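In: one predicted model, sequence on top.
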Number of protein chains: 2
Amino acid sequence: MSDTAVGIGQMVRDLRGEFPDLTISKIRFLEKRGLITPPRTASGYRKFPSEVINRIHEILRLQRDEYLPLEVIQDRLGDWTPSDMKRTAKRTGPFTTAELAREADAQPGLIAELAKHGVLREGPEGFTNLSVDIVVAAQSVLSFGLEPRHLRTVRSGAESLAASVRGRSEALLRSNKPSSEGQLGELLQSAADSLSELGAAVAADELSTLSQP
Amino acid sequence: MSDTAVGIGQMVRDLRGEFPDLTISKIRFLEKRGLITPPRTASGYRKFPSEVINRIHEILRLQRDEYLPLEVIQDRLGDWTPSDMKRTAKRTGPFTTAELAREADAQPGLIAELAKHGVLREGPEGFTNLSVDIVVAAQSVLSFGLEPRHLRTVRSGAESLAASVRGRSEALLRSNKPSSEGQLGELLQSAADSLSELGAAVAADELSTLSQP
DNA sequence: TACCGGCCTCGACCTTTCGTTTAGAGTTGA
DNA sequence: TCAACTCTAAACGAAAGGTCGAGGCCGGTA
C-alpha cells in the first residue's frame, strides 16, 4: 500500500496491542543500543516505515518468547538490517530455490524435499522470507533423525488452523472498520503463537512417555 | 555406578572443564534460588550425587547456550528432576478431570472434548502437569474460533515426532554410558522446542495467505 | 501570535538478575 | 594439631534493561 511511515507515538500505540508495556522510551533505548535505526524527518523526528516496525516486532518477540538478551538479538538479526532491506527495496523479497538455500544455510536438495512433502510452498513469485524460517526450523527438527515426510502433519495442522482462522478473521473484518489491517496481522501472529505453544505442550507430553519406556 | 557423591569443591573442579568460570559460590547461589537441592551430610556439608550434577550441568548449559534466565530454567526443569520425580510423584501429582479443569482455569466439558479428540490423554493415574500446559494452550488456540477436532492434527504431528525421536534416543542411550539421563532430557527438550519453532513458522506462512485473499 | 501536544537529547536514576566478597565459625583428615 | 575445606548470612557490586525529568524544538490551530 502507501508508504505509511508513522511517528513514534502512533507506532507504539499500534504495537501495544501485542506488547502492552512497550513505551516510547524503550524504542529510543533500542535505537541507542543499535538494534534499530529508524530514518528521520528533516527536523529530526523518527519515522517508522513498516520494515522497521517489523523488525521491532521481531525484537520484542524474541525478547518475550525466547528470553534472548538484546545483544544476542542484535547478532541474530544482524543480517537483515535496514540497509539490507533497502537492497531488496520493494519487498522483503521473493527467493529462488538457490537463494532460499543460501539464505537458510541449507542444501538445495532439502528445499526440494520439503516442497515435495508440502511443508514448504513456492508462491507465484518464489519463496518468501517466511520460507526461510520454515527451512531453518525444519533443519533443526530433521537433526533429530526425522525425515521430511514426517513433517507433513505439521503442515496439515497449520492448514487446519488457517482455514478456521480465515473464517474467523473474515467475520472480524466485516464487523470492523477497514483500518483492521493491523488487527488482522495481530490476529495472525497471535494465532501462530498459540499454535506454537500448543504444539510445544503436546510434544512435551508425547515425548514424556520416553522417560518410562 | 557406585554412590559417588562428591563434595562441593571436587564437583566444581570436575565441571570446570566445560564451564571454566563455575565457582563454589555460584553453586550455593543456585541452591538459594531453589534450582538445586543437594542432600547434606550429618554435619551439614553438601553432597553431590550424579543426578544433582547432571541437573547442574543442564542448568549451566541452558544458561550458556540458550541464554535462559534462571527463573525460566527452573520452570522448564521443574518437573523432571530425575530423582525428585519419583520421590515426589504425589506432589506434581496426577489430576482428576475436575482438578485439571480448575488448574487450567477451564470448563470440565472442554477437558472431555479435548480427551475425546485425542489432544489430551489421561494416563493410568490421571492427568499430569503437562496436561495443564496442553489445556491452557488449547484454550488459547480455541479462542480463535477453532473446534477441538481441529487440534487432532497437532497431536498426530507430535506423535510422529515422538516416534522418531524415540528411535533416535534409544540409539543414543545404547551407545552411551547410563549417565545419559540428562542427555535424554536435553534431547527431549530440544526436540519439543524444535517442533514448536517449526509449527510457528509453518503456521505463520500458512496464515500469511490471509493477507491477500 | 500564542498555545499546546508531540517529539527531541542527555544525564541521572532505578530495578532486577546474577552472582562475589567478607566475616566468623564449624569440620575433616593426615 | 594444623591446613584445607565447608558452612551461613549479609553486604557489596556490576551489568542489563529501562524510566524519568529538565529544557528545548516542531507543527498544527485558533
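Out: In hand now; what should we look at? Numbering: from 1, shown residues only, chains lettered A, B, ... in the order given.
In: the one residue in chain A that gets nearest to DNA strand C: what secondary structure?
Out: Relative to DNA strand C, the nearest point of chain A is A:Gly9 (2.5 Å; C-beta to the nearest atom of the strand). All C-beta spots, glycine's among them, are computed from the backbone N, C-alpha and C. At A:Gly9 the chain is in helix, as set by DSSP: H, G, I helix; E, B strand; the rest coil.
In: who are the contact partners of the closest residue to it other than its chain neighbours?
Out: Closest residue in space to A:Gly9, ignoring its immediate chain neighbours: A:Ile24 at 6.5 Å, by C-beta to C-beta, 6 or more residues apart in numbering or on different chains. Taking C-beta atoms under 8 Å, 6 or more residues apart in numbering or on different chains, we find A:Ile24 in contact with A:Ile8, A:Gly9, A:Val12.
In: now those residues in TSV, with neighbour count and pLDDT?
Out: Shown next, in TSV, are the contacts of A:Ile24 (neighbours: other C-beta atoms under 10 Å in any protein chain shown; pLDDT from 0 to 100):
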residue	neighbour count	pLDDT
A:Ile8	16	97
A:Gly9	10	96
A:Val12	19	97
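In: does A:Leu110 touch A:Lys116 like I think?
Out: No. The criterion here is C-beta atoms under 8 Å, and A:Leu110 misses it with A:Lys116 at 10.4 Å.
In: between the two, which one's more packed in?
Out: Legend: neighbour count by other C-beta atoms under 10 Å in any protein chain shown for A:Leu110 and A:Lys116, higher for A:Leu110 (18 against 12).
In: can I assume the more buried one sits in a helix?
Out: Yes. Under three-state DSSP, A:Leu110 falls within a helix.
In: can you tell me how far it sits from A:Ala104?
Out: 9 Å (C-beta to C-beta, to the nearest Å).
In: any common contacting residues for these two?
Out: Overlap of the contact sets of A:Leu110 and A:Ala104 (by C-beta under 8 Å, 6+ apart) consists of A:Val135, A:Gln139.
In: out of the helices and strands in chain A, which is least certain?
Out: helix A:82-87 (a mean of 33; mean pLDDT, DSSP states H and E).
In: which residues does the closest residue in space to A:Gln107 that isn't next to it in sequence contact?
Out: Counting by C-beta to C-beta, 6+ apart, A:Gln107 lies nearest to A:Ala101, which is 6.5 Å off, once chain neighbours are set aside. Contacts for A:Ala101 (C-beta under 8 Å, 6+ apart) come out as A:Gln107, A:Pro108, A:Leu110, A:Ile111, A:Val135.
In: quick one: A:Ala101 from A:Ser131, how far?
Out: Counting by C-beta to C-beta - A:Ala101 and A:Ser131 are separated by 11 Å.
In: closest one to B:Gly123 out of the contacts of A:Ile24, please.
Out: Among these, A:Val12 lies closest to B:Gly123 (C-beta to C-beta), at 46.5 Å.
In: quick one: contacts for that closest one?
Out: A:Val12 neighbours (C-beta under 8 Å, 6+ apart): A:Leu22, A:Thr23, A:Ile24, A:Ile27.
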